[in-house]
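Asks: task: produce atomic coordinates for the following.
(4 chains)
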Number of protein chains: 2
Amino acid sequence: MGAALALFWRQGYEQTSLEELTAAMGISRSSFYACFGSKHEALLAAAGRYCEDNLRALDALAGAEADPALAARAVVEAIAAPEGGRHGCFLANCVTELAPHDPEIEALVRRQLARTEALLAGLLRRSAPGDSRSEDRAAALLSLALGATMLRKAGTPPERLRVLLTQADRLISP
Amino acid sequence: MGAALALFWRQGYEQTSLEELTAAMGISRSSFYACFGSKHEALLAAAGRYCEDNLRALDALAGAEADPALAARAVVEAIAAPEGGRHGCFLANCVTELAPHDPEIEALVRRQLARTEALLAGLLRRSAPGDSRSEDRAAALLSLALGATMLRKAGTPPERLRVLLTQADRLISP
DNA sequence: CCAATTTTGGACCAATTGGTCCGGATCTCA
DNA sequence: TGAGATCCGGACCAATTGGTCCAAAATTGG
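Replies: Model prediction:
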């Protein structure tokens, strides 16, 4: 299953053939269809697993840091992942390739975006209880982090990404 | 040519067949190959044209506003394009689909990102001549705008995008 | 009006795609 | 050991892909 996710992540959905998929998963074509029913359902399964793992990791990261402002910064950096290599963010890849004509993927992505934004908004609220603009800042932070994943995929060196992410603090402090 | 760009933009590179391409351009298969040589070169031509048009438009937008801070804000909003529909940013689409394994597209995209970032950095510098962090803020602004294009493609309503972009001011003021 | 050059439509090609199906190998449990 | 269920390899299918090629049509120049 992780092998399928890795392939979809690295190559995209359409560019990953059944041949590669079954080879990487170590199962036969027959088993693949017995298990998932279609290539598309396998993608949904992989994406679903990715979302759960990802959110759990971000939650743990946020919980490990007492100061909510520092936690928010850590979450943003975990999403942007300056050292994350050239594959970009898996969900971002799904959005650009599939979201416009694939309602199931779109729903999955929107749910995950909402959950991540809510996590950030919660941290910002805890950091400055009085401010009413924490939702907006959380959305901006998410946008900044997603933009960074795409700059990373475009080849921006990790060092410059790290410097760029420094500016996230301007969106974190009220 | 514009028709080819529109197709690549809406559907992506691999998902656009020669059939659709020639039909939309109103030329025959033979003429297409006589003119471009390959599907890939047609993509490069369309992308090149897009880059020139795009940068010219952003430049004009920046030039039309006397206050450099307001100009920067306008440029960011033009990139993010809250009302831009569900096709996302063409260059962002190219990055996610092709950049990792297509050096020519990668070079084209990086050049355009650098030029756009330079435009923003120039505005920020003019806005606050003393500040040495204007390059970082320009990069963050670009990242924010690119992230917004992907949220837009994911279905975030224009209203929320506009509110989110409000926060760009925090990156614009020194 | 005709000859030469350009352009066009579309047949054609080999390769690849996601998906189906079945005979035989492998495994389970007693 | 043997019967029953499970899994597997791989042949097979129709559709589609980017790309080539050529005869016929259109355009051009004189």
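Asks: burial count for residue A:6?
Replies: Per other C-beta atoms under 10 Å in any protein chain shown, the neighbour tally for residue A:6 reads 15. C-beta here means a position set from N, CA and C on the backbone, and glycine is covered the same way.
Asks: ditto for residue A:135
Replies: 18.
Asks: secondary structure element for the closest residue to it other than its chain neighbours?
Replies: Leaving aside its chain neighbours, residue A:135 sits nearest to residue A:121 (5.1 Å; criterion: C-beta to C-beta, 6 or more residues apart in numbering or on different chains). Remark: residue A:121 resides in helix A:103-127, with elements defined by DSSP states H and E.
Asks: is that helix anywhere near DNA strand C?
Replies: No: between helix A:103-127 and DNA strand C, judged by C-beta under 7 Å from any atom of the strand, nothing touches; the nearest distance is 13.6 Å.
Asks: which parts of that helix are buried?
Replies: A:105-106, A:108-110, A:112-113, A:116-117, A:119-125, A:127 (16 or more other C-beta atoms under 10 Å in any protein chain shown).
Asks: stretch A:89-108 now?
Replies: Neighbour-count burial for stretch A:89-108 flags A:89-100, A:102, A:105-106, A:108 (criterion: 16+ other C-beta under 10 Å).
Asks: now do stretch A:93-100: everything it contacts.
Replies: A:9, A:12-14, A:47, A:87, A:105-106, A:108-109, B:10, B:12, B:86-88, B:92-93, B:96-97, B:150, B:153-155 (C-beta atoms under 8 Å, 6 or more residues apart in numbering or on different chains).
Asks: how about the helices in chain A?
Replies: A:2-11, A:18-25, A:29-36, A:39-63, A:68-80, A:90-98, A:103-127, A:134-153, A:158-166, A:169-172 (DSSP state H).
Asks: just the CA coordinates for stretch A:40-59, please, in PDB.
Replies: Extracted in PDB, the C-alpha atoms of stretch A:40-59 (Å, rounded to 0.1, in the frame of the first residue of the first chain):
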ATOM      1  CA  HIS A  40      -8.900   4.800  -9.100                       C
ATOM      2  CA  GLU A  41     -10.100   3.100  -5.900                       C
ATOM      3  CA  ALA A  42      -6.500   2.200  -5.100                       C
ATOM      4  CA  LEU A  43      -5.600   5.900  -5.500                       C
ATOM      5  CA  LEU A  44      -8.400   6.800  -3.100                       C
ATOM      6  CA  ALA A  45      -7.200   4.200  -0.600                       C
ATOM      7  CA  ALA A  46      -3.700   5.400  -0.700                       C
ATOM      8  CA  ALA A  47      -4.800   9.100  -0.500                       C
ATOM      9  CA  GLY A  48      -7.000   8.300   2.500                       C
ATOM     10  CA  ARG A  49      -4.200   6.600   4.300                       C
ATOM     11  CA  TYR A  50      -1.900   9.500   3.500                       C
ATOM     12  CA  CYS A  51      -4.300  12.000   5.000                       C
ATOM     13  CA  GLU A  52      -4.700  10.100   8.200                       C
ATOM     14  CA  ASP A  53      -1.000   9.600   8.700                       C
ATOM     15  CA  ASN A  54      -0.300  13.200   7.800                       C
ATOM     16  CA  LEU A  55      -2.800  14.800  10.100                       C
ATOM     17  CA  ARG A  56      -1.800  12.500  12.900                       C
ATOM     18  CA  ALA A  57       1.800  13.600  12.500                       C
ATOM     19  CA  LEU A  58       1.000  17.300  12.400                       C
ATOM     20  CA  ASP A  59      -1.200  16.900  15.500                       C
END
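Asks: for it, what is the average pLDDT?
Replies: Mean pLDDT, stretch A:40-59: 96.
Asks: how many neighbouring residues does residue A:55 have?
Replies: 15.
Asks: which ones are touching it?
Replies: A:112, A:115-116, A:119.
Asks: cheers, nothing more for now.
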